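Student: coords below, sequence missing:
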């Protein structure tokens, strides 16, 4: 059966399908922008195919480059290989675009052809400079003299500065590819930068402060730092403008670099040893021998337990220090070998247990704040009994001698009150000697019993 006979039979069997195919051929034969539509579809299909196969092709390109460059799977070479993973993903896109433009057969002298060349060249340049940015970190880490000279934080800043320079050069090259003149652009940016600098003084202040922090090596990643009134926590990241510090309650604080550079910073991580400074109080009833036994026992424990620095390397004092308001104070001043907070707490706890045993073992005890009241002389006899005032509001009382004989009747109390009246009025005396107010006293101020004038001293 010849092809013509086969086509005739298919047309008889599937007339509708053959009509659709004929219409498709006619549509593909139509032109748009001077090119057949079928060619556009083929170019688009090839580009989409390369996009779908981007990941496998990326892995293939990385393997080929690693073989050509002799990169192995360890150290710097492994880091470089990992850095090429991202840029290698752009190469399949550039290759698909190149093949699609070739299928379109664009006029080499036309504008569309120039646009296609710029797109492909830009993709390749982006992949190249992306790879350079990715290799900055591994290359800087591999420079051993740099590691010996700079701290890890400074090395991190060097990486970012070099990466920023590479990105700037890459952007300039891409702009040059598209015909943009970089020189006049940089001159214009200089003028704009001067204007921006006037309004961003705090930004540059923090930037310079960050450089000073790194140059002076005031702190590094992971250091425990404290700035009074600002922050107290662990350094996680030192940026160009601010430093990221995590507090001990697991919150994060972004502190401007100027605040860290202008204030006194305590770096607890740089401690060589950690201090314990206690004042232990024992009772005033302890004898001198007991005090010596307690002091010697604490000193012996600190010297023998192994948790503390020897007195030759750090100041160590266990002394009877002062006489407090409620105790005799013993000063315990020593340093632990460890600076780790958890281990330091454990050493303190063991010292506290030992001190409890030593103090109670000496027959003593720990003092606590207390107040002692000393009475030199008690009042003689029985105090007078103060009674409620009578119906006229006059004060009433029962003397101490009468109180010994028993309670008085109302008539006896009134009689006692009337007997206390003097010629000048009613001056009611008490055992405390304070007289009451006089009533219409004589001008010469004679009051009641032993009373002098208006409210004089009683007997």
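Tutor: Here it is on my side, so go on. This is a predicted model, so every value here is computed, not measured. Numbering: from 1, shown residues only.

Student: how about low-confidence regions in this protein?
Tutor: 1-38, 69-77, 105-111, 146-149, 151, 185-200, 378-379, 381-385, 397-459 (pLDDT under 70).

Student: Show me it divided up by domain.
Tutor: Domain assignment for the chain, taken from automatic domain parsing, gives 31-194, 216-270, 274-361, 379-439+446-459.

Student: Next, the distance between the ends of the third one.
Tutor: So that's domain 274-361. 28 Å (C-alpha to C-alpha, to the nearest Å).

Student: who touches residue 174 in this structure?
Tutor: Shown in contact with residue 174 (C-beta atoms under 8 Å, 6 or more residues apart in numbering): 122, 125-126. Using the backbone N, CA and C atoms, a C-beta is placed for each residue, glycine as well.

Student: which residues are contacting stretch 209-222?
Tutor: So stretch 209-222 is contacted by 151-154, 157, 225, 234-241, 243, 256-258, 260-262, 265, 267, 269 (C-beta under 8 Å, 6+ apart).

Student: redo that, cut-off 6 Å
Tutor: 151, 153-154, 157, 225, 235, 240, 257-258, 260-261, 265, 267 (C-beta atoms under 6 Å, 6 or more residues apart in numbering).

Student: end to end, how far does that stretch reach?
Tutor: Length of stretch 209-222, first residue to last, C-alpha to C-alpha: 19 Å.

Student: Which residues belonging to it are considered buried?
Tutor: For stretch 209-222, a neighbour-count test (16 or more other C-beta atoms under 10 Å) marks 209-210, 213-214, 218-220 as buried.

Student: Rebuild the contacts of residue 174 as CSV, extending it with neighbour count and distance to residue 275.
Tutor: What follows is those, written out as CSV (neighbours: other C-beta atoms under 10 Å; distance: C-beta to C-beta, whole Å):
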residue, neighbour count, distance to residue 275
122, 16, 62
125, 18, 60
126, 18, 57
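
Student: In helices only, show me those.
Tutor: Within the contacts of residue 174, residues falling in helices by DSSP state H are 122, 125-126.

Student: can you pull out the strands in the protein?
Tutor: 31-32, 35-36, 224-227, 231-238, 242-247, 252-256, 265-267, 274-282, 317-323, 328-336, 385-387, 396-398, 421-422, 425-426 (DSSP state E).

Student: Of all the ones you listed, which one is nearest residue 134?
Tutor: The closest of the strands of the chain to residue 134 is strand 231-238. By C-beta to C-beta, the value is 20.3 Å.

Student: For that closest one, which residues meet the burial criterion?
Tutor: Neighbour-count burial for strand 231-238 [16+ other C-beta under 10 Å]: 231-235, 238.

Student: Next, give me the two most distant ones among these.
Tutor: Spanning the widest gap among the buried residues of strand 231-238 are 232 and 238, at 16.8 Å by C-beta to C-beta.

Student: What subset of the contacts of stretch 209-222 is buried?
Tutor: Buried among the contacts of stretch 209-222 by 16+ other C-beta under 10 Å: 153-154, 157, 225, 235, 257-258, 260-261, 265.

Student: export the residues you listed to TSV and tack on distance to residue 170?
Tutor: Converted to TSV, the buried ones among the contacts of stretch 209-222 look like this (distance: C-beta to C-beta, whole Å):
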residue	distance to residue 170
153	26
154	25
157	20
225	37
235	32
257	28
258	32
260	33
261	33
265	38
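
Student: now, among those residues, which is nearest to residue 67?
Tutor: Closest approach between these and residue 67, by C-beta to C-beta: residue 157, at 34.8 Å.

Student: so how many other residues sit close to residue 43?
Tutor: Residue 43 has 20 neighbours, counted by other C-beta atoms under 10 Å.

Student: what's the answer for residue 350, then?
Tutor: Neighbour number of residue 350 under other C-beta under 10 Å is 13.

Student: gap between it and residue 306?
Tutor: 10 Å (C-beta to C-beta, to the nearest Å).

Student: and what of residue 324?
Tutor: On the measure of C-beta to C-beta, residue 324 and residue 306 end up 32 Å apart.

Student: and those two? which has more neighbours close in?
Tutor: A direct count of neighbours by other C-beta under 10 Å for residue 324 and residue 306 places residue 324 higher, at 13 against 8.

Student: What residues does the more buried one make contact with?
Tutor: Contacts of residue 324 were listed using C-beta under 6 Å, 6+ apart, and they are residue 281.

Student: Quick check: it vs residue 275, distance?
Tutor: Relative to residue 275, residue 324 is positioned 22 Å away (C-beta to C-beta).

Student: Repeat that for residue 313.
Tutor: 13 Å.

Student: tell me, how many neighbours does the nearest residue to residue 176 once chain neighbours are set aside end up with?
Tutor: Excluding its sequence neighbours, the residue lying closest to residue 176 (C-beta to C-beta, 6 or more residues apart in numbering) is residue 182, at 5.9 Å. Other residues near residue 182 come to 14 when the count uses other C-beta under 10 Å.

Student: so what's residue 182 up against?
Tutor: For residue 182, the contact set (C-beta under 6 Å, 6+ apart) comprises 172, 175-176.

Student: which one of the residues you listed sits closest to residue 367?
Tutor: Proximity of the contacts of residue 182 to residue 367 (C-beta to C-beta) peaks at residue 172, which lies at 77.5 Å.

Student: and the gap between the nearest residue to that closest one once chain neighbours are set aside and residue 226?
Tutor: Distances taken as C-beta to C-beta, 6+ apart put residue 182 closest to residue 172, at 4.7 Å, once the chain neighbours are dropped. Residue 182 sits 47 Å away from residue 226, going by C-beta to C-beta.

Student: surely residue 277 meets residue 333?
Tutor: Yes. In this structure residue 277 lies within contact range of residue 333 using C-beta atoms under 6 Å: 5.4 Å.

Student: list the contacts for residue 153?
Tutor: Each residue near residue 153 by C-beta under 6 Å, 6+ apart is listed here: 214, 220, 238.

Student: Repeat the analysis, applying 8 Å as the threshold.
Tutor: 214, 219-221, 238.

Student: Return the residues in contact with the closest residue to residue 116 other than its chain neighbours.
Tutor: Nearest non-adjacent residue to residue 116, counting by C-beta to C-beta, 6+ apart: residue 101, 4.2 Å away. Taking C-beta under 8 Å, 6+ apart as the criterion, residue 101 is in contact with 43, 113, 116, 120.
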